[in-house]
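Participant: Can you look at this prediction? I've put the sequence above it.
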Amino acid sequence: MAMLSAKRGIDMHSLCSNKVSKMSLVRCIRGRMIQIQIASNGWELNATTKQVLSLSNNKISGMLPDLSVFPSLRILNLASNNWRNTLEYQIADEVSDDWVPPFQLQELDLSYCNMDSRFPNWLQKQNNLSFMYLSNVGSLPPTPSWFWGKLQTLVSMTISNNNLTGRIPNLEINLTNYPEIDLSSNQLEGAIPSFLLQTAALHLSNSKISDLASFYAKKVSLTFWEGVDQFYKNPDMFLKSIDLSSNHLTGKIPTEIGYLFGLISLNLSRNNLCGEIISNIGNFKSLEFLDLSRNHLSGRIPSSLAHIDRLTWLDLSNNQLYGEIPIGTQLQTFDTSSFDGNFNLCGEPLDRKCHGEDPAEHPVLTIKSGDENSIFLEALYMSMGIGFFTGFIGLVGSILLLPS
């Protein structure tokens, strides 16, 4: 539940994680009170004042209550249940697709609810949403353009694992709350629209994104250098996490990405990126997680990478990098698996020595000053012995050669 549910004065009932299996709703005659009876326990609430309704993580398989009787509802959590038929049909039970809910939600969680391939069009009338979670709701149809406009009020959105198809439109919208957006494990394709650079965290892994062109956008580059475009104010400081792993990215890593100074996590693994690692990667002074593995990157590892002191996770494996691993405070502390699959890399922490490294110097024998006199005496005695022996041989030889 969001923080809102804990604030004083909010009228709420929560039945989260109770394994409730049956649910029935009886409306009172005047429509002001409803009684929800769960199993053998009675539970009464005043529908006109309730702001929070949370029934998540149960095993409810009955029909959904008529949500039209909750005009004050602000938080609705129906996640992880087994609603009869499809949830979208029940929410708009016996009404047209133009159904307008009487409430304005601030938080909505329908995760793991079967939407039966129907997009919740009633969300178009929800103008105050801060938190929205729609993960694992089935194979949703292509997302309508109006849906992306809802990001302008959001703080967090997850719509992962839904087989969403199509492209994300490049709209001119202002994400003032710098939301965390998770669109992973879908079938989205094409380029990343530049308005998503206004997020605090962008997760688009396991999709079909193929273009990083938004990082070249003129508006973005102007913002980095001059701050002249208020429309994209300071994305370099607010964007903390990018996950574009397991997509169809090709080409070089754009150098402009190096100006996202606030990045803490960058994952571009399992793509088809080529060229060199950007030389200004050392600009990521706050970077803690970097994964560029399983691409086709070549060239040397930039020396600036060795100066990122906060780096705790590094994976450059299975590329075509070569040369000596730069020496610094961090790179030599990582396991060799961080560099595996780059057969022309050398230097610590790998066992492969680089060509041209100075061979190990042999130890030079040194003589202590206290031993100098003894060495001199030994040499003197040796020379005297050799001289005596030579003179003795000469004397004996001359005697033998004298005539008898």
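Facilitator: That came in fine, so what should we check first?

Participant: what residue ranges in this structure score low on pLDDT?
Facilitator: The model of the chain has pLDDT under 70 over residues 1-48, 59-65, 82-97, 116, 215-237, 356-381, 383-404.

Participant: run the last query once more with 80
Facilitator: Flagging of the chain using pLDDT under 80 yields the residue ranges 1-50, 57-67, 81-99, 114-119, 213-237, 329, 356-404.

Participant: now the helices for it?
Facilitator: Taking DSSP state H as the test, the helices found in the chain are 87-91, 145-149, 218-225, 235-238, 372-400.

Participant: how many other residues sit next to residue 172?
Facilitator: Residue 172 has 10 neighbours, counted by other CB atoms under 10 Å. Where you see a C-beta, it was placed from the backbone N, CA and C, and this is true even at glycine.

Participant: now it: how far from residue 352?
Facilitator: 51 Å (CB to CB, to the nearest Å).

Participant: if I pick the residue lying closest to residue 150 once chain neighbours are set aside, what's in contact with it?
Facilitator: By the measure of CB to CB, 6 or more residues apart in numbering, the closest residue to residue 150 outside its immediate chain neighbours is residue 129, 6.1 Å from it. With contact set as CB atoms under 8 Å, 6 or more residues apart in numbering, residue 129 has these partners: 105-108, 123, 150, 153-154.

Participant: Quick one: these as a markdown table, columns for neighbour count and distance to residue 179 too.
Facilitator: A markdown table is the format used below for the contacts of residue 129 (neighbours: other CB atoms under 10 Å; distance: CB to CB, whole Å):
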| residue | neighbour count | distance to residue 179 |
| --- | --- | --- |
| 105 | 19 | 16 |
| 106 | 22 | 14 |
| 107 | 23 | 13 |
| 108 | 23 | 14 |
| 123 | 19 | 16 |
| 150 | 16 | 10 |
| 153 | 17 | 9 |
| 154 | 18 | 4 |
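
Participant: Thought residue 56 was touching residue 109, still the case?
Facilitator: Yes - under the criterion of CB atoms under 8 Å, residue 109 makes contact with residue 56 at 6.6 Å.

Participant: which residues do these two both contact?
Facilitator: 77-79.

Participant: Can you get me a residue count around the residue nearest to residue 304 when sequence neighbours are not counted?
Facilitator: Spatial nearest neighbour of residue 304, chain neighbours left out: residue 282 (2.5 Å); criterion: CB to CB, 6+ apart. If you count neighbours by other CB under 10 Å, residue 282 ends up with 17.

Participant: got a list of contacts for stretch 293-305?
Facilitator: Against stretch 293-305 from outside (CB under 8 Å, 6+ apart): 253, 268-283, 311, 315-326, 328, 331, 345.

Participant: Kindly report the same for stretch 159-176.
Facilitator: Counting by CB under 8 Å, 6+ apart, 132-140, 142-143, 145, 148-149, 151-152, 154, 182-196, 198-199, 203, 214, 231 sit against stretch 159-176.

Participant: Next: stretch 341-354.
Facilitator: By CB under 8 Å, 6+ apart, stretch 341-354 touches 301, 316-325, 327, 331-336, 339, 355.

Participant: Swap in 7 Å and give it another go.
Facilitator: Residues outside stretch 341-354 that contact it (CB atoms under 7 Å, 6 or more residues apart in numbering) are 316-325, 332, 334, 336, 339.

Participant: Can you list which of the residues you listed are found in strands?
Facilitator: Among the contacts of stretch 341-354, the members found in strands (DSSP state E) are 320-324.

Participant: Most neighbours among the residues you listed, please name it.
Facilitator: residue 321 (22 neighbours).

Participant: Tell me who's in contact with that one.
Facilitator: 297-301, 342, 345.

Participant: Mind doing that once more with 10 Å?
Facilitator: If you count contacts by CB atoms under 10 Å, 6 or more residues apart in numbering, residue 321 has them with 276-277, 292, 297-301, 339, 341-345.

Participant: among these, which are in strands?
Facilitator: Using DSSP E, these in strands are 276, 297-299, 344-345.

Participant: Closest to residue 245 out of those?
Facilitator: Nearest to residue 245 among the ones in strands among the contacts of residue 321: residue 297, at 14.2 Å, using CB to CB.
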